[in-house]
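> Sequence first, then the predicted structure, then my questions.
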Amino acid sequence: MNNNTPHAQIGAKEMLEGKKVRLRLRDKEDLDFFWEFWNNINYYGEYEAIQHQITKGEAEKRIENPSSNSGVEWTWFVIEKKDGTKIGFIIYFTVQPFGEIHVGYALIPNERDKGYGTEALQIVIDYLFLTKDIMRVQASTDVRNKASQRILEKADFKKEGVIRKGSFVRGQWADEYLYGILREDWKGPKILTK
């Protein structure tokens with residue numbers, strides 16, 4: 001294997017491997033986990049909007065067709081510990097026709113602050129820059145969400161500005177920080193070709 005290819009080509013049962021976690025494309029076998037994650041208001045954390053509740057049937061449709069939203073292409077990975085325990089999700093989505101790539105992530109509460117989110121984000125950034133002809137990846141986070149800001153900064157994202165009243169969180173409008181990483185900021189693969 002050369003230094004320009006990820007460890008795995010992403011297929012239905014293949015995954016991206018890190019030191020602490022592995023990322024696997026979300027599949028039908030993740031229905032119960034996804035459904036619980038979506039419907040449990042504590043899983044997304046205090047700085048994320050409360051998701052509208054969905055039935056198991058709606059969750060299954062979202063797993064089968066994650067890119068059903070017009071103009072947005074979604075890729076969802078399940079974050080697993082090495083023992084196979086599912087601990088969260090990380091996504092990237094591309095907004096067309098501009099090709100803007102955004103990332104987002106969430107871990108279940110008892111698995112936060114252990115380095116899993118940082119490693120999962122580094123894996124996705126390596127994967128995106130190794131496999132796509134892109135210039136930047138961006139993310140936004142509530143200005144109060146210090147943990148998410150630490151994850152982004154450890155993955156070499158730079159704070160680029162404030163999105164005023166960028167999200168509606170638990171009954172109030174909240175400002176967000178916009179973060180970005182340019183290909184030139186990326187210092188090469190941290191995870192995938194090591």
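Nice, thanks for sending it over. Residues are numbered from 1 along each chain as shown.

> and A59, helix, strand or coil?
Assigned with DSSP: H, G, I helix; E, B strand; the rest coil, A59 falls in the helix class.

> what's the spacing between the residue nearest to it when sequence neighbours are not counted and D156?
Distances taken as CB to CB, 6 or more residues apart in numbering place W35 nearest to A59, at 4.1 Å, with adjacent residues excluded. Just so you know, the C-beta spots here come from the backbone N, C-alpha and C atoms, and that holds for glycine as well. In this view, W35 and D156 are 34 Å apart by CB to CB, to the nearest Å.

> Read off the pLDDT value for the residue nearest to A59.
On pLDDT, W35 comes in at 81.

> again with N65
Predicted confidence (pLDDT) for N65: 69.

> So between W35 and D156, which is more surrounded?
W35 (19 against 16; other CB atoms under 10 Å).

> Would you confirm that V103 contacts L121?
Yes. Using CB atoms under 8 Å, V103 makes contact with L121 at a distance of 6.7 Å.

> Which neighbours do these two have in common?
Listed as contacting both V103 and L121 by CB atoms under 8 Å, 6 or more residues apart in numbering are I90.

> Of the two, which one has the most company?
L121 (27 against 23).

> tell me which element the more buried one falls in.
Remark: L121 resides in helix 116-131, with elements defined by DSSP states H and E.
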